[in-house]
Structures are given as C-alpha cells and as structure tokens.
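Asker: Structure of the sequence below:
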Amino acid sequence: MHQAKPTVDFPASADPARPPSTCGRKPTSTPSDTVAAPVALTNAMTSAVTAAAQAAIPAVRSFQDAINYVAQRSDWPEATRTARKTALRQIGCSIGLIEARQRGLSLGADQRTVDFAHLPFSVPDINQALEGVSYGLAGFRTDQAFRNAKSGLRLVGRALDMIAPMMAPKLPSGTTAVRSICEQIQLVIFYSGIATVGIRQKRRLDGQLFEY
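Answerer: Numbers count the residues shown, from 1 in each chain. Down below sits the predicted model:
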C-alpha cells in the first residue's frame, strides 16, 4: 500500500507565482521619488498661480482700455484711481499733441478731441515719444506735473505687467563689514589729527618756555 504524501499549503506571501504582499508594511520609495514629488507640486502650484494672474489682467490695447482697467480696480482707493486715470489722460493728450506736431496738424489737442479708444497703449512707444520732450512741448504747465503723469503711467504699466517691478538692488554680502572698517579708519584719522595738533602745540609751548 502506498501512503499518500502530505500536502503543504503555502501562504500567499510564500507562493513563488505571486508577488510578495505589502499589506501591513510601508511602501518603500527611492530618494529621487521623495524629492521629485514636492518639486512637481511646487511647479504645478506656481503654474496655476501664474495662469490665474495672467487671466485676471485684461488685454489692454488702447488708452481707453487702460483707463477702464484703472476704474475697475476696486482694491485701489478712489483717490488713487482718479489720479492714475488723470495721468493716463494727460499722457494720452501729450502723445496726441506730439503726433499732431510731427504731422503738421493743429496743436489744439486736448482731452475732448483725443480719441483714447483708438490711441494705442504701448509703454515702449510712449517712452520713445516722450524721450527728450520738455514739459512745455508735452502740453504741461510745470515739470512737476509732467513727472507726476509719467509716474502714474509707470504705476499702471507695472499693474498690467507691462513694466518690470521696481526692486531694490541687493547689497553685497560684505557691505556691512566694509562700512564698519571705513568708519573705523575715519575715526583713526580723526583722532590722529587731534593728536598731531596737540603735539605741535606742546612743542610750540616748550619752545616758548625755553626762550623765556
């Protein structure tokens, strides 16, 4: 009589035909995967914020578009909106005046005759047109008013991402140390001068006593 061989049931984890189970164990990950995940998330968030910011800025092609954009900025105080709309109108009138002068047309351009809806709003072209032009030829009564209008133009241009934001220059890392050294050198020179004057006065006094 042949005895039947006992059968052994292998567990699922020991079955060579099945992959080992990861139940109850933390999945292993390589360092590259750990680093790549936050970087990819950061890039995705940055792209989303950039796209949202670009979508929020309307297409501005004329001075009237820029004026309407300023009027719709509810986050700006009313006085700020009024000042910047006035600056845009003044610069628009200046451009119309300069173009009329170049074409030999009438120089009576003012806010009632300039068609802001058909006047292109291009910051490089505006700067080129105003370059080297005095405040009088630009239609302003004072140089301060001319500069204020150009300042308002720059602020609106930055808000529309047409002008790079102004950033303070970064100081070199050793600027503080160099400044401290210069101050110390100035103190040494100052006190050296005082000491030199004192020595000269003492020598003069000694000479006078000797002569006496």
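Asker: What residues sit buried inside the host helix or strand of residue 102?
Answerer: Taking DSSP states H and E as the definition, one finds residue 102 inside helix 78-103. Within helix 78-103, the residues that count as buried by 16 or more other C-beta atoms under 10 Å are 81, 83-98, 100. The way it works is simple: take the backbone N, C-alpha and C, and place the C-beta from them, glycine included.
Asker: Could you double-check that residue 84 sits in contact with residue 152?
Answerer: Yes. With contact defined as C-beta atoms under 8 Å, residue 84 counts as touching residue 152 (4.7 Å).
Asker: still on that earlier bit, past the helix holding residue 102, which element shows up next along the chain?
Answerer: Downstream of helix 78-103, the next assigned helix or strand under DSSP H and E is helix 123-130.
Asker: Beyond that next one, next helix or strand please.
Answerer: helix 143-159.
Asker: Quick check: which ranges of the protein have low pLDDT?
Answerer: Across the chain, the ranges flagged by pLDDT under 70 are 1-56, 106-112, 164-180, 182, 190-191, 193-212.
Asker: How much space separates residue 72 from residue 57?
Answerer: 11 Å (C-beta to C-beta, to the nearest Å).
Asker: now residue 132
Answerer: 31 Å.
Asker: Got phi/psi on residue 136?
Answerer: Dihedral pair for residue 136: phi -70, psi -40, per degrees, to the nearest 10.
Asker: So what's the residue count around it?
Answerer: 11 (other C-beta atoms under 10 Å).
Asker: now residue 113
Answerer: For residue 113, using other C-beta under 10 Å, the count is 11.
Asker: quick thing: my sequence starts at 57, can you match it?
Answerer: Sure, I'll start counting at 57 from here, so that last one is residue 169.
Asker: what's the nearest residue to it if we skip its chain neighbours?
Answerer: Sequence neighbours aside, residue 152 is the residue nearest to residue 169 in space, at 7.6 Å (criterion: C-beta to C-beta, 6 or more residues apart in numbering).
Asker: pretty sure that neighbour contacts residue 176?
Answerer: No. Assessed by C-beta under 8 Å, residue 152 is found out of contact with residue 176, at 11.5 Å.
Asker: isn't residue 119 right next to residue 175, touching?
Answerer: Yes. Counting by C-beta under 8 Å, residue 119 does reach residue 175; the two are 4.6 Å apart.
Asker: Now do the shared contacts for the two.
Answerer: Taking C-beta atoms under 8 Å, 6 or more residues apart in numbering as the contact rule, the neighbours common to residue 119 and residue 175 are residue 148.
Asker: who's more crowded, the two?
Answerer: Taking neighbours as other C-beta under 10 Å, residue 119 and residue 175 compare with residue 119 leading, 24 against 20.
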